[in-house]
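**Student:** Attaching a predicted model along with its sequence, questions to come.
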Amino acid sequence: MLPDFPKVRAGATKILEAWFEGRRGQRLGIMQQMKNVVMHEGHRTSLHRWDGSVEQKPMKKLGAPIRLMREDLEKKGLGAVLEALDKTAQDIADKQGKFFFQRLNETLEETGQTLDAQGQPLTFDLVLDLFEKMEFDFDEHGQPVWPTMMCNPLMLEKVRKWEVTDEQKARLAALVEKKRLAWRDREGDRKLVG
């Protein structure tokens, strides 16, 4: 029997956990850019909005099994462990993505921030209609912080080929100014803690 080295085992575990988190994060795509908040206890989440409303939702446990066969471990060694962890990282990322978009759709429906195009193709005007329903933030130079749009690659190619008219540019400029004024009002009404 080999001797037990608790510090070595703990160090190896830490390395594998970091590797696993990196692989899971890579598979989250755009969601990897979002801020993560670790919650150590509780059974629900609370979202406090700037307008004072609070939305509470139950927590959902997401997990995936790690399957490692003894014969694979004997043949591949650490490679088998990494393959098993990689598969689990993919499974968890898939579940997180599905859950995120499901919860996002629920929240957007509840707050009236959806737009039913009723089968129309996506156009610049429809995007502007959607922007009308959204709040915008602005950076220190007064420029809008544009939302990230997610779509499939075929749709992205169509979007890149849009030709924006002068009328649409004027509508966008007016929309940005309207959102800038609303943002200034929101920022002015904020209560600072201190």
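**Tutor:** Nice, I can see it.

**Student:** Test my guess that Ala89 contacts Leu28.
**Tutor:** No: with contact defined as CB atoms under 8 Å, Ala89 does not count as touching Leu28 (9.8 Å). The C-beta positions use only the backbone N, C-alpha and C, and glycine is treated the same way.

**Student:** And the helices in this structure?
**Tutor:** Here the chain has its helices, by DSSP state H, at 6-27, 70-76, 78-110, 124-132, 153-160, 166-189.

**Student:** Looking at Ala89 and Leu28 now, which is surrounded by more residues?
**Tutor:** Taking neighbours as other CB atoms under 10 Å, Ala89 and Leu28 compare with Ala89 leading, 22 against 17.

**Student:** CSV for the helices of the chain, including mean pLDDT and distance to Phe138?
**Tutor:** Output for the helices of the chain, formatted as CSV (pLDDT from 0 to 100; distance: least, CB to CB, whole Å):
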stretch, mean pLDDT, distance to Phe138
helix 6-27, 91, 29
helix 70-76, 92, 53
helix 78-110, 91, 22
helix 124-132, 92, 14
helix 153-160, 88, 23
helix 166-189, 92, 5
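
**Student:** and Ala84, what does it touch?
**Tutor:** Contacts for Ala84 (CB atoms under 8 Å, 6 or more residues apart in numbering) come out as 66-68, 72.

**Student:** want to throw the residues you listed into CSV with distance to Lys178?
**Tutor:** Shown next, in CSV, are these (distance: CB to CB, whole Å):
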residue, distance to Lys178
Ile66, 51
Arg67, 54
Leu68, 57
Asp72, 60
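
**Student:** Domains in this structure, by residue range?
**Tutor:** Following automatic domain parsing, one gets these domains for the chain: 6-110, 124-189.

**Student:** before we move on, back to that, out of the contacts of Ala84, which one sits closest to Gln113?
**Tutor:** Ile66 (38.1 Å; CB to CB).
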